[in-house]
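>>> Could you work out the structure for the sequence below:
(one chain, ligands or ions: 1)
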Amino acid sequence: MGSGCKHNKGDRKEFLRQQVLPDRCRHFINGRYVDSADGEAFKKVLPAYNESWFEVATGGASEVDAAVTAAEKAAAGPWSRTSPQDRARILRRVGDLIEANVETLALAESLDSGKPYSETLNGDIPRSAKNFHFFADLAAHQSFETWTGEDGSQHTSIREPLGVTGLITPWNLPLYLATWKLAPALAQGNTVILKPAELTPLTATLLCELLGEAGIPEGVVNVVHGFGAKSAGEALVRHPGVKAISFTGETTTGSAIMRDAADGLKKLSFELGGKGASVIFDDADLDLAVPTACRAAFRNQGQICLAGSRLIVHEKIATQVIDRLLENVKKIKIGDPLDDTTTMGALIANDHRDKIAGFVEYARGERVGEILCGGKIPAGLPAHLTNGAFYEPTVIADVPQDSRLIQEEIFGPVLTVQTFKTLEEAIALTSGVPYGLSCSVYTRDGARAQKFARSVRMGMVWINGWFIRDLHTAFGGMKRSGIGREGGRWSLDFFSEYKTITVAGV
Ligand code: NDP
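As a prediction, this is how the structure comes out:
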């Protein structure tokens, strides 16, 4: 793996190509990089430059089948019987190797997704290493309860690996979310097939280089590239050898996966769309609340399932909050993701940018709300970025609750603003959407914060903060935001099944 990211601006493209970009992202099956059986590949576009610098092998049923065969063989081998402590040692090494290659992986992630390098370097990739360290330790220290029956019998429920598991991940946090699933699946002794989003195949491919070095046997981790519906993703879901699917992505894709998995009665975990809110009461510390709400709306170009894409503010302080918010938005610097001063990079693709622009055009055309800033493709970008997938951070005020802008996931840099008078109204606005993943509430009144947190239909609520995570806790959403929970022991539960062993009393 290349060693660093300090690039020579004179020959930027060639330098980057040599550092991190392969000519082709190949599948990783049974410990080897392979092309598709039919040689099919598609051109991967780098969203900031709208240029294609490499190809990606297009997998389908035959690559999935080869990967399942390799994973089944590996599942029958020593990996599932290795002690949790020995597996933990290997997984910790994967985490260490990710840390040792943080600059290369961060550069690859930034190029592939368009997000700022400073964020992949300080956020996404360190967190990917942490996923391995955390789940290695957690699984190594798991214990099983034993109950004693009236007749002296001893009953113990233990966890066992499922066997071959399928992981399907989205493009917004590519390595971060792939490792969020890989680490617990492996820690529990499973073998895996990962299908990354076709828009961001690079870091999953690079990660495979580190697995053998860490001591993961061949066939334990397999990566198949390709598309979702009627392609590699669907083939993975339908394959009879795959026992469980952990999926993160859009709600409608979750429904399709559920249908395709039904015949095989597969275990499913779904982390789906979100429509989060930042709710600011009139006693809130605005020095904290406003910049945090701004970050919650626009970090990662608004492409985070946990994004606070709705600002719900007490009417008494609405003017003041909006003024301060717009000051914060003005400080966002759109630019080349590789530039250290950039705080907003490119969206994932031009067609995704057009979808977001469509929501704003709808607001403009139908006179829904008032566009306070943004609402267009930024002007004045350097020449090499002019075809990239950039869009200005956009704030739209006075949006009615039943509007598409409130009810649908936009998944881009668009923040709506609504006002409320009472706690009950704030709760109703926050919960009054089809999604139920997360929200933040800002207030100095502890009782009010608790009442709000316990009343809203959201899987995660932050009081006076946003995206503060502890990996022990349950992660997931209510309503159309998901089924099941991952994180901590919930991940260990998902990636295993219980067996109860009873010793008769003496
Ligand atoms: P998609 O649902 O479009 O894709 C996610 C993954 O599923 C991709 O690998 C995709 O492949 C694959 N896929 C698509 N169709 C099928 C199918 N029929 N069978 C099997 N696999 C399929 O989501 P996005 O990539 O667009 O990601 C954005 C979404 O993810 C947003 O809705 C966001 O809220 C959600 N998300 C949720 C999180 C959570 O924790 N709740 C966290 C992060 C994101 P391909 O890319 O080739 O289409």
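
>>> switch to C-alpha atoms for all contacts and neighbour counts from now on
Fine.

>>> ranges for the helices of the stretch 51-200 of the chain?
61-76, 84-100, 102-113, 117-119, 125-140, 174-187 (DSSP state H, counting those that start in this stretch).

>>> Measure how the third one sits relative to helix 174-187, angle-wise.
Spelled out, that is helix 102-113. Helix 102-113 and helix 174-187 are oriented at 120 degrees to each other (axes from the mean of the first three to the mean of the last three C-alpha atoms, to 10 degrees).

>>> quick one: contacts of helix 102-113?
Surrounding helix 102-113, the residues in contact under the criterion C-alpha atoms under 8 Å, 6 or more residues apart in numbering are 1-5, 19-21, 45-48, 98, 115-117, 120-121, 124-126, 171-172, 174-175, 199-203, 206, 337-338, 346-348.

>>> and the ligand, which of these contact it?
Counting by C-alpha under 6 Å from any ligand atom, the subset of those that neighbours the ligand consists of Trp171, Leu199.

>>> before we move on, back to that, with distance to Arg310, mean pLDDT and mean neighbour count added, can I get the helices of the stretch 51-200 of the chain in CSV?
Written out in CSV, the entries for the helices of the stretch 51-200 of the chain read as follows (distance: least, C-alpha to C-alpha, whole Å; pLDDT from 0 to 100; neighbours: other C-alpha atoms under 10 Å):
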stretch, distance to Arg310, mean pLDDT, mean neighbour count
helix 61-76, 40, 98, 21
helix 84-100, 35, 97, 21
helix 102-113, 24, 96, 26
helix 117-119, 23, 97, 23
helix 125-140, 26, 97, 23
helix 174-187, 24, 98, 26
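
>>> so where's the protein uncertain?
Under the criterion of pLDDT under 70, the regions of the chain flagged as low confidence span 1-13.

>>> Residue numbers of it in contact with the ligand?
Those residues of the chain that sit near the ligand, judged by C-alpha under 6 Å from any ligand atom, are 168-171, 195-199, 226-229, 233-234, 248-250, 253, 256-257, 271-274, 304-305, 481.

>>> Can I get the buried part of those as one PyMOL selection?
Taking 16 or more other C-alpha atoms under 10 Å as the burial criterion, the selection of buried members of these in PyMOL is written as:
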select buried, resi 168+169+170+171+195+196+197+198+199+226+227+228+233+234+248+249+250+253+257+271+272+273+274+304+305+481
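
>>> Which of the residues of the chain next to the ligand fall within strands?
Residues from the residues of the chain next to the ligand lying in strands, with DSSP state E as the criterion: Ile168, Lys195, Thr248, Glu271.

>>> nearest to the ligand, of these?
Distance to the ligand across those (C-alpha to the nearest ligand atom) is lowest for Glu271, with 3.6 Å.

>>> Check the ones in strands among the residues of the chain next to the ligand and tell me the two furthest apart.
Taking C-alpha to C-alpha, the two most distant members of these are Lys195 and Glu271; they sit 15.3 Å apart.

>>> Next, the buried residues of stretch 492-506.
The neighbour-count criterion (16+ other C-alpha under 10 Å) identifies Leu492, Asp493, Phe494, Phe495, Ser496, Glu497 as the buried residues of stretch 492-506.

>>> what residues does that stretch touch?
Counting contacts by C-alpha under 8 Å, 6+ apart, the residues outside stretch 492-506 that touch it are 139, 149, 151-162, 165, 184-185, 188, 190, 244, 269, 486.

>>> Strands of the stretch 201-350 of the chain, start to end?
Taking DSSP state E, counting those that start in this stretch as the criterion, the stretch 201-350 of the chain contains strands spanning 221-223, 244-248, 267-271, 277-280, 310-314.

>>> got JSON lines for the helices of the stretch 51-200 of the chain, with distance to Leu429 too?
Written out in JSON lines, the entries for these read as follows (distance: least, C-alpha to C-alpha, whole Å):
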{"stretch": "helix 61-76", "distance to Leu429": "44"}
{"stretch": "helix 84-100", "distance to Leu429": "41"}
{"stretch": "helix 102-113", "distance to Leu429": "33"}
{"stretch": "helix 117-119", "distance to Leu429": "31"}
{"stretch": "helix 125-140", "distance to Leu429": "33"}
{"stretch": "helix 174-187", "distance to Leu429": "30"}
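
>>> can you give me the helices for the stretch 251-400 of the chain?
Using DSSP H, counting those that start in this stretch, the helices found in the stretch 251-400 of the chain span residues 251-262, 286-298, 318-330, 350-365.

>>> Packing partners of the third one?
Using 3 or more C-alpha pairs under 8 Å, 6 or more residues apart in numbering; DSSP states H and E as the contact definition, the elements that helix 318-330 packs against are helix 286-298.

>>> ok, and the closest non-adjacent residue to the closest residue to the ligand within the stretch 301-450 of the chain?
Closest contact between the stretch 301-450 of the chain and the ligand, by C-alpha to the nearest ligand atom, is at Cys305 (3.8 Å). Taking C-alpha to C-alpha, 6 or more residues apart in numbering, and ignoring the residues beside it in sequence, Cys305 has Gly274 as its nearest neighbour in space, at 5.0 Å.

>>> How about the contacts made by the one you found?
Counting by C-alpha under 8 Å, 6+ apart, Gly274 touches Cys305, Leu306, Ala307, Glu409, Tyr435, Gly436, Leu437, Ser438, Ser481.

>>> Then Ala397?
Gly369, Glu370, Ile371, Leu372, Thr416, Val417, Gln418.

>>> and the residue nearest to it when sequence neighbours are not counted, what are its bridge partners?
The shortest distance from Ala397 to any residue other than its chain neighbours is 4.5 Å, reached at Val417 (C-alpha to C-alpha, 6+ apart). Val417 has these beta-bridge partners by DSSP bridges: Leu311, Ala397.

>>> Who are the contact partners of Val417?
By C-alpha under 8 Å, 6+ apart, the contact set of Val417 is Arg310, Leu311, Ile312, Val313, Val395, Ile396, Ala397, Asp398, Val399.

>>> again, only using 10 Å
With contacts defined as C-alpha atoms under 10 Å, 6 or more residues apart in numbering, the neighbours of Val417 are 277-278, 309-313, 318, 322, 369-370, 372, 395-400, 406.

>>> are any of these buried, and which?
In terms of neighbour count (16+ other C-alpha under 10 Å), the buried residues within these are 277-278, 309-313, 318, 322, 369, 395-397, 399-400, 406.

>>> For Thr386, which non-adjacent residue is spatially closest?
The spatially closest residue to Thr386, leaving aside those adjacent along the chain, is Tyr49, at 7.6 Å (C-alpha to C-alpha, 6+ apart).

>>> what's the neighbour count on the one you found?
Neighbouring residues of Tyr49 were enumerated by other C-alpha atoms under 10 Å; the total is 20.

>>> For it, which residues are in contact?
111, 114, 336-337, 346, 383-390 are the contacts of Tyr49 under C-alpha under 10 Å, 6+ apart.

>>> and the residue lying closest to Leu268 once chain neighbours are set aside, how far is that from Glu234?
Take Leu268 and drop its neighbours on the chain: the residue closest to it by C-alpha to C-alpha, 6+ apart is Ile245, 5.1 Å away. Computed with C-alpha to C-alpha, to the nearest Å, the distance linking Ile245 and Glu234 is 11 Å.

>>> Could you tell me which residues touch both of these two?
Once C-alpha under 10 Å, 6+ apart is applied, the residues that Ile245 and Glu234 both contact turn out to be Ile168, Ile257, Ala261.

>>> Out of these, the closest to Ala428 would be?
For the shared contacts of Ile245 and Glu234, the minimum distance to Ala428 (C-alpha to C-alpha) is 31.1 Å, reached by Ile257.

>>> Right, I'll leave it there.
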